[in-house]
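*Asks:* requesting a structural model of the entry that follows:
(one chain, ligands or ions: 1)
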Amino acid sequence: MPEHFKSGFVTLVGRPNAGKSTLLNAIMGKKIAITSNTVQTTRHRFRAVYTKDDYQMIIVDTPGLHKPHDALGEELNVSALKALEDVDVVAMLIDASKPVGRGDEWVAEQLRRSRAKKICVLSKTDLVNPDQLSRQREAAEKLGDWDAMVGLSSETGKNVDAFIEEVVFLLPEGPAWFPLDMETDQPIEVVVAEFIREKILRSFHDEVPHAIGVQVEEMEYDRKKDLHRIFARIYVERDSQKGIIIGKRGAAIKQIGTEAREDLEQLLGTRVFLDLSVKVKKNWRRDENQIRRFGYGEGL
Ligand SMILES: Nc1nc2c(ncn2[C@@H]2O[C@H](COP(=O)(O)OP(=O)(O)OP(=O)(O)O)[C@@H](O)[C@H]2O)c(=O)[nH]1
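*Replies:* Purely as a prediction, here's the structure:
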């Protein structure tokens, strides 16, 4: 290990949809976290490990802070607030294309309790012009006492390196906390289930928004065929939602399967056989045990 190796924990916070998961993927240079336009996509407190010759950055992606409506919502809030404790750097993302509002102020207020170094990230700069960006910068400066401020686009990659440099600058010296070749602390089954859930969120938007949970029931690798066989179950809360997910003559679920398989083949680096089934489980979101079984919220 080089003499001045740096290492530490970084957490990404911000209103739902601010672009936290997309930034995490941009840093990692590959898709690890799922993203979608549906707010509150992220249900896990998820760690990604980014290691280079002279530093290791452990990025904690948190479910967005928001007002809880049900048990799942409460779990997510607890995750988000916990993520602020015991980290070295907090990066607060503010969507450059949306007016700074009460939601951002509330998140910034929560940050004051944290002793971590603070970076303000103006995200999605590809969506605004320079004037809009500088107005946003002024509004963001008023929100907190920042150690650094970066405007970036995870979509185009602009300034993602500059953000990484700022984080590394603020990290303390220390040894690597995780194996050098490790990229995430999630069991592979959880990552696979999340990739499937992403496709459902993207296909249906608001029709079955948060009522779905995905669990991998079985996953095996066939070495001879270089093929993963994955059996996953999609849980919904109502019969009508089951009908929507399956679609006319199974068309919708087939489409989800095709899209998920493409991503999974990239993730796993093998061919994938994917079997999806749908099951109704009434009110699972009010059932803390079921939320933990899925591994959502703080259950991990
Ligand atoms: N144009 C543009 N869109 C972006 C950028 N970053 C994220 N997005 C989009 O913004 C939406 C939300 O991004 P996410 O990364 O899922 O946001 P999040 O903050 O993790 O969301 P939650 O899980 O709800 O907390 C997605 O549709 C992304 O594609 C960016 O740099 N430019």
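*Asks:* rest of the way, CA atoms for contacts and neighbours
*Replies:* OK.
*Asks:* how much space between residue 263 and residue 29?
*Replies:* Distance of residue 263 to residue 29, computed by Cα to Cα, to the nearest Å: 15 Å.
*Asks:* which of these two has more residues huddled nearby?
*Replies:* residue 263 (17 against 11; other Cα atoms under 10 Å).
*Asks:* list the buried ones in the helix or strand harbouring that one?
*Replies:* Residue 263 is part of helix 251-268 when elements are defined by DSSP states H and E. Using 16 or more other Cα atoms under 10 Å as the burial criterion, the residues of helix 251-268 that qualify are 252, 253, 254, 255, 256, 257, 259, 260, 261, 263, 264, 267.
*Asks:* doesn't residue 150 lie inside a strand?
*Replies:* Yes - judged by DSSP: H, G, I helix; E, B strand; the rest coil, residue 150 forms part of a strand.
*Asks:* any idea how far the helix holding residue 263 is from the middle of the chain?
*Replies:* Centroid displacement of helix 251-268 relative to its chain, using Cα atoms, centre = their mean, to the nearest Å, is 19 Å.
*Asks:* now do it: which elements does it pack against?
*Replies:* Helices and strands touching helix 251-268, by 3 or more Cα pairs under 8 Å, 6 or more residues apart in numbering; DSSP states H and E, are helix 188-204, helix 239-246, strand 271-280.
*Asks:* who's in contact with that helix?
*Replies:* 31, 192, 195-196, 199-200, 203, 244-247, 271-276 (Cα atoms under 8 Å, 6 or more residues apart in numbering).
*Asks:* mind checking which of those residues are buried?
*Replies:* Buried subset of the contacts of helix 251-268 (neighbour count, 16+ other Cα under 10 Å): 31, 192, 195-196, 199-200, 203, 245-246, 271-274, 276.
*Asks:* show me the two of the residues you listed that sit farthest apart.
*Replies:* The most widely separated members of the buried ones among the contacts of helix 251-268, counting by Cα to Cα, are 31 and 246 (26.4 Å).
*Asks:* so for stretch 91-99, what gets flagged as buried?
*Replies:* Under the neighbour-count criterion of 16+ other Cα under 10 Å, stretch 91-99 has 91, 92, 93, 94, 95, 96, 97 buried.
*Asks:* per-residue pLDDT, the second one?
*Replies:* I take that to be residue 92. Listed pLDDT for residue 92 reads 93.
*Asks:* wait, a strand at it?
*Replies:* Yes - secondary structure of residue 92 (three-state DSSP): part of a strand.
*Asks:* who does it bridge with?
*Replies:* Judged by DSSP bridges, the bridge partners of residue 92 are residue 13, residue 120.
*Asks:* next one: it from the ligand, what distance?
*Replies:* Distance, residue 92 to the ligand, by Cα to the nearest ligand atom, to the nearest Å: 10 Å.
*Asks:* can you check the fourth one too?
*Replies:* From residue 94 over to the ligand the distance is 9 Å, taken as Cα to the nearest ligand atom.
*Asks:* picking that back up, the helices and strands packed on helix 251-268 into JSON lines, with extra columns for distance to the ligand?
*Replies:* As requested, the helices and strands packed on helix 251-268 are exported to JSON lines (distance: least, Cα to the nearest ligand atom, whole Å):
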{"stretch": "helix 188-204", "distance to the ligand": "9"}
{"stretch": "helix 239-246", "distance to the ligand": "21"}
{"stretch": "strand 271-280", "distance to the ligand": "23"}
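*Asks:* for those, which one sits closest to residue 12?
*Replies:* Of all these, helix 188-204 sits nearest to residue 12, with 18.8 Å by Cα to Cα.
*Asks:* ok now the closest one, how far from the chain's centre?
*Replies:* Centre-to-centre, helix 188-204 and its host chain are 12 Å apart (Cα atoms, centre = their mean).
*Asks:* please save the CA atoms from that helix in CSV.
*Replies:* Taking C-alpha atoms only, helix 188-204 is exported to CSV below (Å, rounded to 0.1, in the frame of the first residue of the first chain):
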residue,chain,number,x,y,z
ILE,A,188,-25.3,-10.7,-6.1
GLU,A,189,-29.0,-11.9,-5.7
VAL,A,190,-30.0,-8.5,-4.4
VAL,A,191,-28.3,-6.7,-7.3
VAL,A,192,-30.0,-9.0,-9.8
ALA,A,193,-33.4,-8.4,-8.1
GLU,A,194,-32.8,-4.7,-8.3
PHE,A,195,-32.0,-4.8,-12.0
ILE,A,196,-35.3,-6.5,-12.6
ARG,A,197,-37.2,-4.0,-10.4
GLU,A,198,-35.7,-1.2,-12.4
LYS,A,199,-37.2,-2.5,-15.7
ILE,A,200,-40.6,-2.7,-14.0
LEU,A,201,-40.4,0.9,-12.7
ARG,A,202,-39.4,2.1,-16.1
SER,A,203,-42.1,0.2,-18.0
PHE,A,204,-45.0,1.2,-15.8
